[in-house]
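Chemist: I need the structure of the sequence given here:
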Amino acid sequence: MRTAVISIGNELLLGKTVNTNLSFLATELALIGLPVSYAITIQDEQDIIASSVTELCRDYDIVITTGGLGPTADDITKRTIADCFGKALHFDEEIWAKVQTMFQSRGLETPAINRNQALVPDDFVVLENARGTAPGLYYRQGSHSLFVLPGVPVEMKYIFQHSIRGILFEDYPATPIYQKTLHTSGISESALAEKLADLVIPNEASMAWLPQTGRVDLRFYGASKPVIDGIAAEVQHLIPEHIWGNDDETPFTALQELLIDKGLTLSVAESCTGGNVQKLMTELPGSSKYLLGGAVTYSNELKTRILGVSPKLLAEYGAVSTQCAEAMAVGIKNLTNSDLSISITGIAGPTGGDDSKPVGTVCFGYSDHDTLLSVTQYFNGDRETIRLKASEYIVLYLLKKIRG
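Modeler: A predicted model of the protein is given here:
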């Protein structure tokens, strides 16, 4: 079976929106044995949509489109696709009632323009969208299937998970693709390649290198779960010191699970990351079970007033120093009475660096009941990248420290 995805939207081609829909669909379709063979991103232009849909529906068994189902004038996907198949549009009262109910539940009047979302091409099946006002559509022509989805990620995912997955399982039985992902840190892609040079990948399996911001993921996939698990186990044996998690884990989910499991509490003192570490921690439900709190002490004055970092230390070593990082870790631990504490202080740029402490210099502190440690790392990239790398680094450092 051959599967194609058409992503529709000028905002995607302008680089203003990241195409997370394609990533989601490619992953989900591979898992059920229907991997994407072809994907294209196109403009919100009638002729381009029409030619793309016509061509791909002819050449591929399954075609999925995303985008262009809104109520405004530039949302032309539905009308264009109806024309492609010579179908008239009819008004669906049930859809219109659901649209009105959704607006009323938010205390809003339903704009008349939203009536467009109740128009359905003849012979198309409506796929319920409980997350928004634009339903999905399904059309079967012989052995070929077309699915038309909204571009809003949460709506697209809902329709795929609650409607399309079941249709595909029933109409296109296939051998699922099994995937296993290992997350590494503390090693570059090239160094990793050298360490795994003797790794043998059987013909029935594949391996992908997935560089992330400051780390590398390794993904293995194939039809045989025992084969894939065997490869992953061999990699874990070859580089155990560099693997911190697998599959859907993030540094923050892995840390949360570990701290809760061990009954440990944590506090955080941040400077150059501006609270980003605590933001990423508290995005996860259950973070209150281990995170007692923290402080963002951007200025030296607040480092002294809140965390107790001595002015003498700051004058002698500077705010970006291991000495300051240690003092920050001790200060926040004493303030919160947590079991563990971490700290970050550095230069995220683009200004503020010099020859001795260039932009990207970040110092980290760690404190528990018996230990006080610090380390300095040098990150490259723009301000946002340096802040993200620093945030993930200290979490992975803490993971490794707790695990021993």
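Chemist: Show me the strands in the stretch 151-300 of the chain, by range?
Modeler: Listed from the start of the chain, the stretch 151-300 of the chain has strands (DSSP state E, counting those that start in this stretch) covering 178-184, 205-212, 215-222, 243-246, 266-270, 291-296.
Chemist: partners of the third one in the sheet?
Modeler: Paired neighbours of strand 215-222 in the sheet (DSSP bridges): strand 178-184 (antiparallel), strand 205-212 (antiparallel).
Chemist: related to what we said a few turns ago, who wins for proximity to Val18 among the strands of the stretch 151-300 of the chain?
Modeler: For Val18, the closest of the strands of the stretch 151-300 of the chain is strand 205-212, at 14.7 Å, according to Cβ to Cβ. Heads up, the C-betas are built off the backbone N, CA and C, glycines and all.
Chemist: Mark out where each domain of this structure begins and ends.
Modeler: What the record gives for the chain is the domain set 3-171, 178-246, 251-403, from automatic domain parsing.
Chemist: Dump those to JSON lines, plus mean neighbour count and mean pLDDT.
Modeler: Below are the domains of the chain laid out as JSON lines (neighbours: other Cβ atoms under 10 Å; pLDDT from 0 to 100):
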{"stretch": "domain 3-171", "mean neighbour count": "17", "mean pLDDT": "95"}
{"stretch": "domain 178-246", "mean neighbour count": "15", "mean pLDDT": "93"}
{"stretch": "domain 251-403", "mean neighbour count": "19", "mean pLDDT": "97"}
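Chemist: thinking again about what came up before, nearest to Ile231, of the strands of the stretch 151-300 of the chain?
Modeler: Smallest distance to Ile231 across those (Cβ to Cβ): 5.0 Å, for strand 215-222.
Chemist: any residues touching that closest one, and which ones?
Modeler: Residues from elsewhere that reach strand 215-222, judged by Cβ atoms under 8 Å, 6 or more residues apart in numbering: 30, 177-189, 192, 201-202, 204-211, 228, 231-232, 235, 392, 396.
Chemist: OK, contacts around Leu22?
Modeler: Residues in contact with Leu22 (Cβ under 8 Å, 6+ apart) are Val5, Ser7, Val36, Ala39, Thr41, Thr66.
Chemist: If we use 7 Å, what do you get?
Modeler: Remark: with contacts taken as Cβ atoms under 7 Å, 6 or more residues apart in numbering, Leu22 is in contact with Val5, Ser7, Ala39.
Chemist: I'd say Glu128 and Pro135 touch.
Modeler: Yes: Glu128 lies in contact with Pro135 (Cβ atoms under 7 Å); the separation is 6.3 Å.
Chemist: Just the helices from the stretch 251-400 of the chain, written as ranges.
Modeler: Listed in chain order, the helices found in the stretch 251-400 of the chain under DSSP state H, counting those that start in this stretch are 251-262, 276-282, 300-307, 311-317, 322-336, 383-403.
Chemist: thinking again about what came up before, turn the contacts of Leu22 into CSV, including secondary structure.
Modeler: Shown next, in CSV, are those (DSSP: H, G, I helix; E, B strand; the rest coil):
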residue, secondary structure
Val5, strand
Ser7, strand
Ala39, strand
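Chemist: wait, which of those is closest to Asp83?
Modeler: For the contacts of Leu22, the nearest to Asp83 is Ser7 (20.2 Å; Cβ to Cβ).
Chemist: Next one: that closest one from Leu210, what distance?
Modeler: Using Cβ to Cβ, to the nearest Å, one obtains 21 Å as the distance from Ser7 to Leu210.
Chemist: hmm, back to that, with respect to Ser267, which of the contacts of Leu22 is nearest?
Modeler: Ranking the contacts of Leu22 by separation from Ser267, with Cβ to Cβ as the measure, puts Ser7 on top at 43.2 Å.
Chemist: what residues are up against the closest one?
Modeler: Taking Cβ under 7 Å, 6+ apart as the criterion, Ser7 is in contact with Asn19, Asn21, Leu22, Thr41, Thr66, Gly67.
Chemist: The fourth one is in contact with Asn10, isn't it?
Modeler: No: no contact is recorded between Thr41 and Asn10 when judged using Cβ under 7 Å, the distance being 9.9 Å.
Chemist: How about the contacts made by Leu238?
Modeler: Remark: with contacts taken as Cβ under 7 Å, 6+ apart, Leu238 is in contact with Lys195, Leu196, Leu199.
Chemist: Report the contact partners of the first one.
Modeler: Think Lys195. Contacts of Lys195 were listed using Cβ under 7 Å, 6+ apart, and they are Leu238, Ile239.
Chemist: how near is it to Asn114?
Modeler: The gap separating Lys195 from Asn114 is 56 Å, by Cβ to Cβ.
Chemist: Ok, the last one next?
Modeler: If you measure Leu199 against Asn114 using Cβ to Cβ, the figure is 55 Å.
Chemist: Quick one: end-to-end length of stretch 159-178, please.
Modeler: For stretch 159-178, the first-to-last residue distance is 23 Å (Cα to Cα, to the nearest Å).
Chemist: Could you check how far that stretch is from the centre of its chain?
Modeler: Here stretch 159-178 shows a centroid-to-chain-centroid distance of 23 Å under the convention Cα atoms, centre = their mean, to the nearest Å.
Chemist: which residues in the stretch 1-150 of the chain form strands?
Modeler: Taking DSSP E, counting those that start in this stretch as the criterion, the stretch 1-150 of the chain contains strands spanning 3-8, 36-42, 62-66, 89-91, 119-121, 125-127, 136-141, 144-149.
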